[in-house]
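Chemist: Let's see this in three dimensions:
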Amino acid sequence: MAQKKLSTRKKVRFAGGCLGLLLLAVLATEGALRVAGYPSGLVRTFGKLWNRDPESLAKLPGLFAPSAEREVAYPPELAYRVRFNASGLRGPELRVPKPRVRILALGDSVTFGYHVQDAETYPAQLRKLVPDDVEVINGGCGSFTITDERRYLEQRLLALEPDVVVLQFCANDVVSAELDRDPLRYDEILMDPGGSSWFRETALGEVQLRLAISLKSWRRGPPQNLGDPAQPIEPRHWARYAEELAALKQLLDARQVPLLLVAFTDLDVTRNGAPSPYDVELQRIADELGIPFASTLPAYRAQPEATALYLYPLDGHPSALGNRVLAEVVRALLRSSGALP
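Modeler: Next up, the predicted model:
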């Protein structure tokens, strides 16, 4: 007996019913995961923290998603949560009215606080070391160098009306890959902050991302050596840094805002016992420009264990302890320069 074929209409109904059941299952799973606390704002890379709304990006001084909380979880061993205020900057809301002194911490990933919690960043720890009527704002941004920092300050952060600006130096600020970048990283962010996948904003999307991160972590090899010696810097790069620093100082001098310079010391320099080649050049440039300068090197070498100051062996950024010592160095510089009575 020949089997009766389903009509096209019945096939469509059957397929629609299956799709409907699948959709209900997906929605039920999404709902259950949300009850369990997903999504929690997990991202894999720093670039996923940018403000992706062109309208608010054009209005706010900061570059990050305003009033947002994210977890940066790669590598998983160094996962950390970040909270951004309504101005698109890491840290608490800006104080209103403006306090007696507003300090702007300008810098790269060290100032931003890669792989440490909000309270462990150097600007947050500096805030604990100054009087109550002094505010410290985190103006750091990962992958920035002085060319980006000057543009960031001029076009956006000066709107915050800082009374003091503390610029943090890192060794990669004077390498070709940073100084010769074209376009600047700052301009790249403004031109294209990066698209956002709607799927990543769902609970199911975050679960999938967590599984992917776990898999990549399992397959990742041992950490790279973080003890390579400091590389010689070409004179033209020091000249370019000095030129940008002079322009930054001129920008602040016009507003009678003092500029201070502090150098973060890498692990290899801290533990090799020799004078820092970076500090020698930075001191010379700072003296020529009349900028108060300090380095973390003496304070770092005074610590019992150098590696405790860093996220060693997984990463070369400062640990919570390294940031605390950096904050103490900045406080001493603020006092010695007269910027903070």
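Chemist: got a list of contacts for stretch 326-334?
Modeler: Stretch 326-334 is contacted by residues 103, 105, 110, 122-123, 125-126, 128-130, 164, 166, 168, 260, 262, 264, 292-296, 299, 318, 340 when judged by C-beta atoms under 8 Å, 6 or more residues apart in numbering. For the C-beta atoms, the positions are set from N, CA and C on the backbone; glycine is no exception.
Chemist: Low-confidence stretches in the chain?
Modeler: Within the chain, the stretches with pLDDT under 70 are 1-6, 10-11, 25-30, 33-44, 193-230.
Chemist: now the helices for it?
Modeler: 8-35, 54-59, 109-112, 122-127, 146-155, 176-179, 185-191, 203-219, 235-253, 267-272, 277-289, 297-301, 320-337 (DSSP state H).
Chemist: wait, which of the ones you listed is closest to residue 97?
Modeler: Among those, helix 122-127 comes nearest to residue 97, with 17.6 Å by C-beta to C-beta.
Chemist: What are the contacting residues of the closest one?
Modeler: Against helix 122-127 from outside (C-beta under 8 Å, 6+ apart): 91, 103, 105, 110-111, 113, 118-119, 134-138, 140, 168, 318, 323-324, 326-327, 330-331.
Chemist: From residue 111, how far off is the nearest residue to residue 310 once chain neighbours are set aside?
Modeler: Leaving aside its sequence neighbours, residue 310 sits nearest to residue 267 (C-beta to C-beta, 6 or more residues apart in numbering; 5.0 Å). Taking C-beta to C-beta, to the nearest Å as the measure, residue 267 falls 18 Å from residue 111.
Chemist: again with residue 186
Modeler: For residue 186 relative to residue 111 (C-beta to C-beta), the value is 15 Å.
Chemist: who's the closest residue to residue 107 other than its chain neighbours bridged to?
Modeler: Excluding its sequence neighbours, the residue lying closest to residue 107 (C-beta to C-beta, 6+ apart) is residue 168, at 3.2 Å. Beta-bridge pairing of residue 168 under DSSP bridges involves residue 262.
Chemist: if I pick residue 168, what's in contact with it?
Modeler: Going by C-beta under 8 Å, 6+ apart, residue 168 touches 105-108, 110-111, 122, 140, 262-264, 326.
Chemist: do residue 109 as well
Modeler: By C-beta under 8 Å, 6+ apart, the contact set of residue 109 is 46, 140-144, 170, 317.
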